[in-house]
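> Just the structure for this:
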Amino acid sequence: MTSTLADNHDEVVQRIRKACEHAGRPAGTVTLVAVTKFHSADAVRALAQAGATHFAESRVQEARDKVPGLKSLGTWHFIGHLQTNKAKVCAELFDVVQSVDSLRLAEKLSEAAVGLGKTLQVFAQVNISLEAQKQGFAPDGEDGAIAALAVLPGLKLVGLMGMAAVYDDPEAARPDFRRLRQLRDRLAPSLGPLSLSMGMSQDFEIAIEEGADLVRVGSALFRGCPD
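Okay, the predicted model is just below:
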């Protein structure tokens, strides 16, 4: 398993580098976030040995058992849908919450972070695919809500996160990713620099070409691994 994960990690890193070159961006400007949900602690350690330093989980219940023993490996991101009643546990476990999809959730995370005496980095999740079943702020018309999130105590708004729809052709995801970049550019004069977290295993090269600063990759890293 260790050698397979190392090979997969190297391949993904090379794909990121090539996408940066194709987009005319300096190598190293894109952060790889390894999505480790459903995979064992041993697999996470193997990825860390291969060079991974950012890891992501999407279920608080699973993370509660796994993350505490792995905290020292790097930065931990929460990327799944978060219920407000789990905000405190999430704030305890994670360094970054990428899936802040409402002002109400942000307020709960703020309360939890203040109580813990920590500053929690957060991303506002935006429904860039415009799909009714997906959570998140609308890409148009909710600038004020995102701005309100940015001033909550205990939180530091560091970026915007979005998920494209699933397309047969990754090229079709460009308009989705472009919506997030355009929102970031619109917010920049009032909120300052914000990172873009967008792109997964099937489309992260396109996301990088459209401005992604972080890509969330799971299946491409764990291809061929039993767990």
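
> Can you spell out which helices and strands pack onto the longest helix along the chain?
Longest helix of the chain, by residue count under DSSP state H: helix 2-22. Counting by 3 or more Cβ pairs under 8 Å, 6 or more residues apart in numbering; DSSP states H and E, the packing neighbours recorded for helix 2-22 are strand 31-35, helix 41-50, helix 204-209, helix 219-222. Bear in mind the C-beta positions are built from the backbone N, C-alpha and C, glycine included.

> any chance of the ones you listed in a markdown table, plus mean pLDDT?
Shown next, in a markdown table, are those (pLDDT from 0 to 100):
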| stretch | mean pLDDT |
| --- | --- |
| strand 31-35 | 98 |
| helix 41-50 | 95 |
| helix 204-209 | 98 |
| helix 219-222 | 95 |
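
> Output the ones you listed in TSV, with distance to residue 182 appended to each entry.
Formatted as TSV, the helices and strands packed on helix 2-22 follow (distance: least, Cβ to Cβ, whole Å):
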stretch	distance to residue 182
strand 31-35	21
helix 41-50	33
helix 204-209	14
helix 219-222	27
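
> per-residue confidence at the residue of the chain most remote from its centre?
Computed with Cα atoms, centre = their mean, the maximum C-alpha offset from the centroid of the chain is found at residue 3, amounting to 25.6 Å. According to the prediction, residue 3 has pLDDT 84.

> hmm, back to that, got a list of contacts for the longest helix of the chain?
Contacts of helix 2-22 from elsewhere in the structure, counted by Cβ atoms under 8 Å, 6 or more residues apart in numbering, are 26-30, 32, 34, 43, 46-47, 49-52, 204-205, 208-209, 215, 217, 220-225.
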